[in-house]
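Visitor: model the following, please.
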Amino acid sequence: MKTTIKEETDVKLESPILIEGLPGLGMVGRIAVRYIVKQLNAQQLGLLYSPYFPYYVVVNKKGRVRLLRGEFHYWRNQGGSDLILFTGDSQAQTVEGQYEIAEAILDFAKKQKASAIITLGGYRKEAGESPKVVATASDESILRKAIEADALPSPPGNPIVGTAGLLVGMARFQKLPALCLLGETRGYLPDPKAAKSLLIVLQKMLGIPLSLDDIEKEIEKSDGILERMQAIEARRETYTKKMRKGEEDKTTYIS
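Guide: Okay, the predicted model is just below:
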């Protein structure tokens, strides 16, 4: 088996922009792309399978199994560039797999006559109430559009690991403008707040009609989980200190 894209429907899209968001730091890119798919009621375009995904299957509620995969959806934008939205269950588990899957995505983008690539992910940083979005690109004009949409230029030397980075780097060989947007995140829990920051920048750049009401609900749930985890950690630390003090009080010294 090799990395394969199975096209589910044959459509002609208008200068589509491919937006990628796979699982990664804080699941930021995946949350953002899945949200766009749901909000715009995007239709399935194709499925990507690869032997470089982890070696297990997903079991659904009816007990049926499927291989891990990537999913392409499309949305027709009246009066603007259409969208191709790509997300999936996992990233490739090897260096070779990362390059092969990135190449397959780019080949598919070229076949669909994509006009640009935008990749989404997380940027590890302690964020405030409104996480900032960091941008880097292979093309100056698309980077300028991101900055005009309130993204910040990435500091030099910042490595972008995985598909989000490779697609931007490899897009040069396909002569495709490519942009990477990274939302500030702690990174250890799914972070819809960082995903919301990405969605706001994309709205401004592309003029897509997104309601952010539902992601606000996800943020409330996420904040609740974080508060409970912090409370548990605080109780654990208090208990540990109490036990340590008890041991110290029991200690006797013989002179």
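Visitor: which regions of the stretch 101-250 of the chain sit below the pLDDT cut-off?
Guide: The stretch 101-250 of the chain contains residues with pLDDT under 70 at 222-227, 229-230, 233, 239, 245-250.
Visitor: and if we set it to 90?
Guide: For the stretch 101-250 of the chain, applying pLDDT under 90 flags the ranges 125-130, 139, 155-159, 174, 187-189, 209, 217-250.
Visitor: which segments of this protein make up each domain?
Guide: 4-210, 212-255 (automatic domain parsing).
Visitor: which stretches in the stretch 151-255 of the chain count as strands?
Guide: 152-153, 178-185 (DSSP state E, counting those that start in this stretch).
Visitor: nearest to Leu13, of these?
Guide: Leu13 lies closest, by Cβ to Cβ, to one member of those: strand 178-185, at 17.8 Å. The way it works is simple: take the backbone N, C-alpha and C, and place the C-beta from them, glycine included.
Visitor: can you redo the domains of the chain as CSV with mean neighbour count?
Guide: Formatted as CSV, the domains of the chain follow (neighbours: other Cβ atoms under 10 Å):
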stretch, mean neighbour count
domain 4-210, 19
domain 212-255, 10
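Visitor: that older thread, now for the strands of the stretch 151-255 of the chain, which one comes closest to Ser138?
Guide: Of all those, strand 178-185 sits nearest to Ser138, with 4.6 Å by Cβ to Cβ.
Visitor: tell me which stretches of this protein form helices.
Guide: Per DSSP state H, the chain carries helices over the ranges 28-40, 95-111, 140-148, 163-171, 192-206, 213-250.
Visitor: end to end, how far does stretch 50-62 reach?
Guide: 24 Å (Cα to Cα, to the nearest Å).
Visitor: name the residues that touch it?
Guide: Stretch 50-62 is touched from outside by 1-4, 65-70, 89-90, 92-94, 96-98, 100-101, 104, with contacts defined as Cβ atoms under 8 Å, 6 or more residues apart in numbering.
Visitor: picking up where we left off before, need the helices of the chain in JSON lines with distance to Gly128, can you?
Guide: JSON lines is the format used below for the helices of the chain (distance: least, Cβ to Cβ, whole Å):
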{"stretch": "helix 28-40", "distance to Gly128": "16"}
{"stretch": "helix 95-111", "distance to Gly128": "32"}
{"stretch": "helix 140-148", "distance to Gly128": "20"}
{"stretch": "helix 163-171", "distance to Gly128": "23"}
{"stretch": "helix 192-206", "distance to Gly128": "10"}
{"stretch": "helix 213-250", "distance to Gly128": "14"}
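Visitor: contacting residues for the residue nearest to Glu103 when sequence neighbours are not counted?
Guide: Ranked by Cβ to Cβ, 6 or more residues apart in numbering and with sequence neighbours excluded, the top spatial neighbour of Glu103 is Met170, at 6.7 Å. Each residue near Met170 by Cβ under 8 Å, 6+ apart is listed here: Tyr99, Ala102, Glu103, Leu106.
Visitor: could you check how far Met170 is from Lys110?
Guide: Remark: distance between Met170 and Lys110 (Cβ to Cβ, to the nearest Å) = 11 Å.
Visitor: for Arg66, same thing?
Guide: Arg66 is 27 Å from Lys110, by Cβ to Cβ.
Visitor: quick one on the thing from earlier: so which of the contacts of stretch 50-62 are in strands?
Guide: Thr4, Val65, Arg66, Leu67, Gly70 (DSSP state E).
Visitor: pLDDT score for the second one?
Guide: On pLDDT, Val65 comes in at 95.
Visitor: how close does it sit to Ile232?
Guide: 35 Å.
Visitor: one more: Asp150?
Guide: Going from Asp150 to Ile232 by Cβ to Cβ gives 36 Å.
Visitor: Leu199 now?
Guide: Leu199 is 30 Å from Ile232, by Cβ to Cβ.
Visitor: pLDDT score assigned to the residue nearest in space to the middle of the chain?
Guide: Geometric centre of the chain, nearest residue: Gly29, 1.2 Å, by Cα atoms, centre = their mean. Here, the pLDDT recorded for Gly29 equals 97.
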